[in-house]
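K.L.:
got a structure for you, letters missing:
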């Protein structure tokens, strides 16, 4: 697979999955609670999630039958293949069912277990953030441009995002708050959009817990392509998800890790 072929195919996946999702947005769609059935917090899935992932799976299987797939809604197919796609049809489903536009479709590609391409597509707004680890780009209503993180040297000057501290365990929440009390501005919500705003140079730090592999793998090439850093709370590659720290600058990343690991 050439870089050009990957880029064109991912953009096609984004277009087709967006066409499957948009008829459901801000409508009376059916919502199922995946979390409640397992005794966990509210974890919604919609008809739009399933429709979009089915479209992308069919396209991948038709074009690359030897490739594997990691999907939010329909599990694993050939996860040990050399090329594996990571799909999250609607990252930010709670925003989606609330009619808020802070959600997106995540599409990632791993080669030999390393993320080599990723995209976040927001079809309602018409924005795409994508990268290959070496560079990252934006395409949307504001035109096209390269994505670059900003150089924030001090935690005290940083803008911090997390989806919600309520998603964290009590001990994790306390550690997060140890970082939060030192930043310039802390905001909640955003899901995948927060990570893209780091790549765009508008946010400096994202701290999360409880992520799945398909939540983070597609975003790694975008953030790193823009010059950012993505690790777990111990400073390792977060390919399996879990507790994640994303920063635009190495200085802020190191300062956050010190407070998360007192």
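P.N.:
Happy to help now that I have it. These numbers were taken from a predicted model, which means no experiment stands behind them.
K.L.:
tell me where the stretch 1-150 of the chain has strands.
P.N.:
31-33, 44-46, 68-71, 75-77, 83-91, 104-111, 114-122, 127-131, 136-140, 143-146 (DSSP state E, counting those that start in this stretch).
K.L.:
for the closest residue to residue 64 other than its chain neighbours, what are its contacts?
P.N.:
Leaving aside its chain neighbours, residue 64 sits nearest to residue 83 (6.8 Å; criterion: CB to CB, 6 or more residues apart in numbering). The C-beta positions use only the backbone N, C-alpha and C, and glycine is treated the same way. Counting by CB atoms under 8 Å, 6 or more residues apart in numbering, residue 83 makes contact with 1, 64, 66-68, 109-111.
K.L.:
where in the protein is pLDDT low?
P.N.:
Along the chain, the model assigns pLDDT under 70 to residues 1, 29-45.
K.L.:
flag every buried residue along the helix or strand where residue 179 lies.
P.N.:
Take DSSP states H and E as the rule and residue 179 turns out to sit in helix 170-180. Going by neighbour count (16 or more other CB atoms under 10 Å), the buried part of helix 170-180 is 172-173, 175-176, 179-180.
K.L.:
repeat for stretch 182-200
P.N.:
Quick answer for stretch 182-200 (16+ other CB under 10 Å): 182-183, 186, 190-200.
K.L.:
what's the answer for stretch 54-66, then?
P.N.:
Those buried within stretch 54-66 under the rule 16+ other CB under 10 Å are 54-57, 59-60, 64.
K.L.:
tell me the two of those that are most distant?
P.N.:
54 and 64 (16.4 Å; CB to CB).
K.L.:
break the protein into its domains for me.
P.N.:
Here the domain parsing of the chain from automatic domain parsing is 3-136, 155-260.
K.L.:
tell me which of those sits most buried.
P.N.:
domain 155-260 (a mean of 20; mean count of other CB atoms under 10 Å).
K.L.:
how far away from the center of its chain is that domain?
P.N.:
In this view, domain 155-260 has its centroid 11 Å away from the chain centroid, taken as CA atoms, centre = their mean, to the nearest Å.
K.L.:
now the residue nearest the centre of the chain, nearest residue through space, not along the chain?
P.N.:
Nearest residue to the geometric centre of the chain (CA atoms, centre = their mean): residue 192, 4.1 Å. Of all residues not flanking residue 192 in the chain, residue 91 sits nearest, at 4.2 Å (CB to CB, 6+ apart).
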